[in-house]
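**Q** Below is the structure, and that's it, no one-letter string:
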């Protein structure tokens, strides 16, 4: 079932929330208020929103260190996410996880992961739990095309297929594995061919089109719930910012990035909404709503206390 | 009390926990119809079916990873690695994932997984099938590490491990599986983190665990005939380490020897001696000693393997030197 046109304005606002979340982090990072790494997902908002909106809240998700969008689209509180970025006690992990480990099991988010491909088996294991518990939950795992050369990626595809697990593999192919063009390091950079070779349906979708993304995942989720097993979706997209803060981006031209900006997902959905009758003022109003949510989250995070030092010694064991 | 082998005791623990808790299920290579290479899962597939006793591909990182994911979603997986050496191909999942997900999530996730494997040498299995990794695991915050030496402790500690609600590395020994001992019927739980005084003595404390614990007891018997009375402690749990029992013992004996099959270099013996120096600097009348494998890979030929791994005669000799 496609994403209802009624929900497109909400999707537009959701994608803007994610975009502005990253922009706010960049500003805070440059002010020295954020420690550690930050891997922005700017340009990849449609895969997150289309993919996560096609799931139910109780469905399981694992994602990557470029996963702020995935987490927010799945339902992680923007306030808790921002506070986690600032290392505050009100953060989703009380300041212990940071940018690369957003987690909220209450919305099915079993964690972003800082090791490439390592979260893939966790979504599949959660799907195994759902199968054993005879629940109709599904798992979805986001990973990049940079993950497809990791051994555990192949191992997990095999296990998902032989056990017919209710899981959806979503590869966000943004063309660069960290700072290297993926076609230089990958024998078959059309990763859906790798997925398909394991004996599951595999397809390419336009990952910059939130409606295509939603439809593909929705169909795969139905398939998974019906007991028909896993699906592999390769979503083509483009990372508009560097791999991380401080990436000099010498691996691509400014012209290439400028071209990509013309077809990035928020521009695309704006055009679509225009066609459906939204005015420029309507879109500006949605953008203002998104900005207000981010401003509130930044204020909340900045006003939140740092964790007490003693908190470092809790949560090691259950 | 019935006499069971170590393998039968583990099998009994798995069966009882699976009967009691529908969340418990097993994964591993050849554990179903074949019953496991060391027969620990023998016949369990007949009682619980292939859904809960799952034969996996030879794919340790993958199925340990799936175990972790299922634990995050409320299951209680017990994952068997055929040899502990293979933990290294799943090391990211064990060390970076299982041990850290709870902490990194601020306590919102739990990873109640037990990873079982046999380790150690003495059987000519060579350098990639004979290693002992407990001190590596003990170095990782977030992992509980257990290494029972007797059938009764194997049963009682495996039951505790499954109920622990945390990631547990459960270390068995390939040459303990056929050893026999009395094992209580039914509910028998041994607490994690508690050492056991196996033999009382006044002259020296020998701390060991897993297979070398049996060596320590044999050495103590020989020493007794020479008039030296050794107290023998079985750690049973490697991490958290029961220092209280060690300190209490050495306050009586004033001498300490640690024996393990893992390499001496940076092994558990070093850690225990360091803690004794910190926590009871005046307790010993002679410097503590440690005995482990010599710093070479484990060879195959019996004469070579015996030269590398600790032997009963080595324990006797060191204790006599310390008197």
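**A** Structure's in. What do you need? Being a predicted model, the structure only gives us computed values, none of them experimental. Residues are numbered from 1 along each chain as shown, chains lettered A, B, ... in the order given.
**Q** neighbours around residue A:234, how many?
**A** 26 (other CB atoms under 10 Å in any protein chain shown). Where you see a C-beta, it was placed from the backbone N, CA and C, and this is true even at glycine.
**Q** List the neighbouring strands of the helix or strand hosting it plus their orientation.
**A** Residue A:234 belongs to strand A:231-236 when assigned by DSSP states H and E. If you go by DSSP bridges, strand A:231-236 pairs up with strand A:167-173 (parallel), strand A:202-206 (parallel).
**Q** buried ones in the helix or strand just after that strand?
**A** Going down the chain from strand A:231-236, the next helix or strand is helix A:254-262, by DSSP H and E. Going by neighbour count (16 or more other CB atoms under 10 Å in any protein chain shown), the buried part of helix A:254-262 is A:257, A:260.
**Q** what bits of the stretch 151-300 of chain A have low per-residue confidence?
**A** Within the stretch 151-300 of chain A, not a single segment meets pLDDT under 70.
**Q** Spell out which parts of it neighbour chain B.
**A** A:151-152, A:155-156, A:158-159, A:162-163 (CB under 8 Å from any CB of the partner chain).
**Q** cutoff 10 Å now
**A** A:151-160, A:162-163, A:165, A:167 (CB under 10 Å from any CB of the partner chain).
**Q** List the ones among these that fall in helices.
**A** Using DSSP state H, the members of these that fall within helices are A:151-160, A:162.
**Q** Write the ChimeraX selection for whichever of the residues you listed are buried.
**A** Typed into ChimeraX, the next command selects the buried ones out of those (criterion: 16+ other CB under 10 Å):
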select /A:152,153,154,155,156,157,158,159,160
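**Q** can you put the ones in helices among the residues of the stretch 151-300 of chain A next to chain B in CSV and add distance to residue A:231?
**A** Output for those, formatted as CSV (distance: CB to CB, whole Å):
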residue, distance to residue A:231
A:151, 22
A:152, 19
A:153, 16
A:154, 17
A:155, 18
A:156, 14
A:157, 11
A:158, 15
A:159, 15
A:160, 10
A:162, 15
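**Q** what about the helices in chain A?
**A** A:8-30, A:45-53, A:68-74, A:78-85, A:120-132, A:151-162, A:191-197, A:210-225, A:254-262, A:265-275, A:280-303.
**Q** try the stretch 151-300 of chain B
**A** B:151-163, B:210-225, B:243-253, B:268-279 (DSSP state H, counting those that start in this stretch).
**Q** Might one say that residue B:28 is in contact with residue B:80?
**A** Yes: counting by CB atoms under 10 Å, residue B:80 is a contact partner of residue B:28 at 3.1 Å.
**Q** Give the residues shared as contacts by those two.
**A** Common contact partners of residue B:28 and residue B:80 (CB atoms under 10 Å, 6 or more residues apart in numbering or on different chains): B:36-37, B:40-41, B:56, B:63, B:115-117.
**Q** What is the neighbour count of residue 24?
**A** Using chain A. What residue A:24 shows, counting by other CB under 10 Å, is a neighbour count of 19.
**Q** should've been chain B
**A** So residue B:24, with other CB under 10 Å, has 21 neighbours.
**Q** again, but for residue A:169
**A** 31.
**Q** Dump the shared contacts of residue B:28 and residue B:80 into JSON lines; add secondary structure, neighbour count and pLDDT as well.
**A** Shown next, in JSON lines, are those (DSSP: H, G, I helix; E, B strand; the rest coil; neighbours: other CB atoms under 10 Å in any protein chain shown; pLDDT from 0 to 100):
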{"residue": "B:36", "secondary structure": "coil", "neighbour count": "25", "pLDDT": "96"}
{"residue": "B:37", "secondary structure": "coil", "neighbour count": "17", "pLDDT": "94"}
{"residue": "B:40", "secondary structure": "coil", "neighbour count": "27", "pLDDT": "98"}
{"residue": "B:41", "secondary structure": "coil", "neighbour count": "27", "pLDDT": "98"}
{"residue": "B:56", "secondary structure": "coil", "neighbour count": "25", "pLDDT": "98"}
{"residue": "B:63", "secondary structure": "helix", "neighbour count": "29", "pLDDT": "98"}
{"residue": "B:115", "secondary structure": "strand", "neighbour count": "28", "pLDDT": "98"}
{"residue": "B:116", "secondary structure": "strand", "neighbour count": "25", "pLDDT": "98"}
{"residue": "B:117", "secondary structure": "strand", "neighbour count": "21", "pLDDT": "98"}
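**Q** could you pick out which of those are near chain A?
**A** B:56, B:63.
**Q** Out of the shared contacts of residue B:28 and residue B:80, the closest to residue B:87 would be?
**A** For these, the residue nearest residue B:87 by CB to CB is residue B:117; the value is 6.4 Å.
**Q** quick one: contacts for the nearest residue to residue A:200 once chain neighbours are set aside?
**A** Leaving aside its chain neighbours, residue A:200 sits nearest to residue A:230 (4.9 Å; criterion: CB to CB, 6 or more residues apart in numbering or on different chains). Neighbouring residues of residue A:230 by CB under 10 Å, 6+ apart: A:124, A:127, A:138-139, A:156-157, A:159-161, A:163-169, A:195, A:198-202, A:220, A:223-224.
**Q** Tell me the confidence at the residue in the stretch 1-150 of chain A that chain B sits nearest to?
**A** Among the residues of the stretch 1-150 of chain A, residue A:125 lies closest to chain B, at 2.1 Å counting by CB to the nearest CB. pLDDT recorded at residue A:125 is 98.
**Q** ok, residues contacting stretch A:23-38?
**A** A:22, A:40, A:42, A:65-66, A:68, A:78, A:81-82, A:85-87, A:95, A:98-100, A:114, A:241, A:243-246, A:291, A:294-295, A:297-298, A:301-302.
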